[in-house]
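*Asks:* below are the sequence and a predicted model; questions follow.
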Amino acid sequence: MQREEEVHGSPGLGEKDNGEEDEEVFIDQDDVLEEIDIDEEELPDVVEEDDDGQEQNEEDDVDAAAHTFLGHKDALYAVACSPVDATWVATGGGDDTAFMWRIGHEGPFFELKGHTDSVAALAFSNDGHLLATGGLDGIVRIWDSSSGNLIHVLDGPGGGIEWVRWHPKGHLVLAGSEDYTTWMWNADLGKCLSVFTGHSESVTCGDFTPDGKHICTGSADGTLRVWNPQTQETKLTIKGHPYHSEGITCLSISSDSTLVISGSTDNNAHVVNIKTGKVVGSLVGHSESVECVQFSPSFSWVATGGMDGKLMIWEIHSFSARFTCQHEEGVIRLSWSSSSQHIITGCLDGNARLWDSRTGVCERIFRGHSDSIRDMVVTVDRRFLLTGADDKTAKAFEIGAF
């Protein structure tokens, strides 16, 4: 690298010595060598700088959202879309409040109050009739999605709720807590059915398998557990080499309920066979925490996103990296298209991006947020991308055929 030398001497043109007054400079006509006419249309565009001297692109200020929801008074942590009504959505945030509202309509439809701490998780039941909200107050609340009425208050966990999920075939709701436990309730009756204990740190992620027969949970203790939801028994515990050496941050279960992929603060992702408990593949390539993972619908590829700003697309059979797509900041959410030909990522730089999974090329950038995206989801008709961010807004971006 060439070193830039510091040169001391007389001040150049436009500079002045300290303490000297500015002097007017006159040019003698005889000193003019040539006059050139400047066409203003040929002048280069001026790139403005912000107060920190950073270049600003005019595109960065363009809000591409089709709809912006302004009801929250603090950062948004969770967003969800109805599985039966493509424009009916829910958002939760640091103002201890959730809202249900409709894309394309001004103002909230239902303001859901009652939590005494941030609403960190929410999810619609698979028939769309109910909404579950989970708060850092340790409470899960069940709401009628058509009226906004509170149906049940589900208590029990001794720590904040990390996530909520619904059974694929009924009104059973599952929630993981900071108190190392996972709880399952009958949401129609408001009755606790099971408490799953065994993790030694916060249960950071979890879900029912798509066939509804098992539960998978990941914890900050670095272990993955597979449970029988009827007996509360642990069927499998995956831990130690060659699995994660640090806490698990995220997981995704394959559509055939046979494999689970998990990401960790150890910068790696691993694929585990749910039936045998064996680690069948390790995805090594990130240099910081892996924050999101997902199998493609075609079951040919898997995608991982990390705090290193990388989206990585992997071959599911060889577990080799197909593409690495670089972002400016950490990738905390991702979503495959139904055809597996595209991926959308949500990023801490406040932008969402559409990538071609076959080429690794970024095709679109969805701008509008002024702070980090914390959650995102695609509507059931695949027309809109819903994002929630630290700037206290939720935005719906039109994504067309996705």
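*Replies:* Received the coordinates, thanks.

*Asks:* quick check, central residue of this protein?
*Replies:* Arg333 (2.8 Å; Cα atoms, centre = their mean).

*Asks:* for the closest residue in space to that one that isn't next to it in sequence, what are phi and psi?
*Replies:* Distance criterion Cβ to Cβ, 6 or more residues apart in numbering; nearest residue to Arg333, sequence neighbours excluded, is Gly346 at 3.6 Å. For the C-beta atoms, the positions are set from N, CA and C on the backbone; glycine is no exception. For Gly346, the backbone dihedrals (degrees, to the nearest 10) come out as phi -110, psi 130.

*Asks:* follow-up on the earlier one: sheet partners, orientation included, of the helix or strand containing the residue nearest to the centre of the chain?
*Replies:* Using DSSP states H and E, Arg333 sits in strand 331-336. Using DSSP bridges, strand 331-336 pairs in its sheet with strand 342-347 (antiparallel).

*Asks:* what's the mean pLDDT across the partner strand?
*Replies:* Mean pLDDT, strand 342-347: 98.

*Asks:* contacts for that strand?
*Replies:* By Cβ atoms under 8 Å, 6 or more residues apart in numbering, the residues outside strand 342-347 that reach it are 303, 305, 309, 311, 313, 325, 327-337, 352-357, 363, 372-373, 375-376, 378, 385, 387, 399, 402.

*Asks:* stretch 315-328 now?
*Replies:* Stretch 315-328 is contacted from outside by 271, 281-283, 285, 295-296, 299-302, 309-314, 345, 347, 349, 353, 355, 357, 359-360, 362, using Cβ under 8 Å, 6+ apart.

*Asks:* can you rerun that using 7 Å?
*Replies:* 281-283, 285, 299-302, 309-314, 345, 347, 349, 355, 360, 362 (Cβ atoms under 7 Å, 6 or more residues apart in numbering).

*Asks:* need the buried ones from those residues selected in ChimeraX.
*Replies:* Provided next is the ChimeraX selection string for whichever of the contacts of stretch 315-328 are buried by 16 or more other Cβ atoms under 10 Å:
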select :281,283,285,301,302,309,310,311,312,313,314,345,347,349,355,360
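
*Asks:* that older thread, buried subset of the contacts of strand 342-347?
*Replies:* 303, 305, 309, 311, 313, 325, 327, 330-337, 352-355, 357, 372-373, 375-376, 378, 385, 387, 399, 402.

*Asks:* so which of those are in strands?
*Replies:* Counting by DSSP state E, those place 303, 305, 311, 313, 325, 331-336, 352-355, 373, 375-376, 378, 385, 387 in strands.

*Asks:* name all residues that make contact with Leu193.
*Replies:* Met184, Trp185, Asn186.

*Asks:* got it, and Glu288?
*Replies:* Asn267, Gly306, Met307, Asp308.

*Asks:* ok, of those residues, which one's closest to Thr133?
*Replies:* The closest of these to Thr133 turns out to be Met307 (Cβ to Cβ; 27.0 Å).
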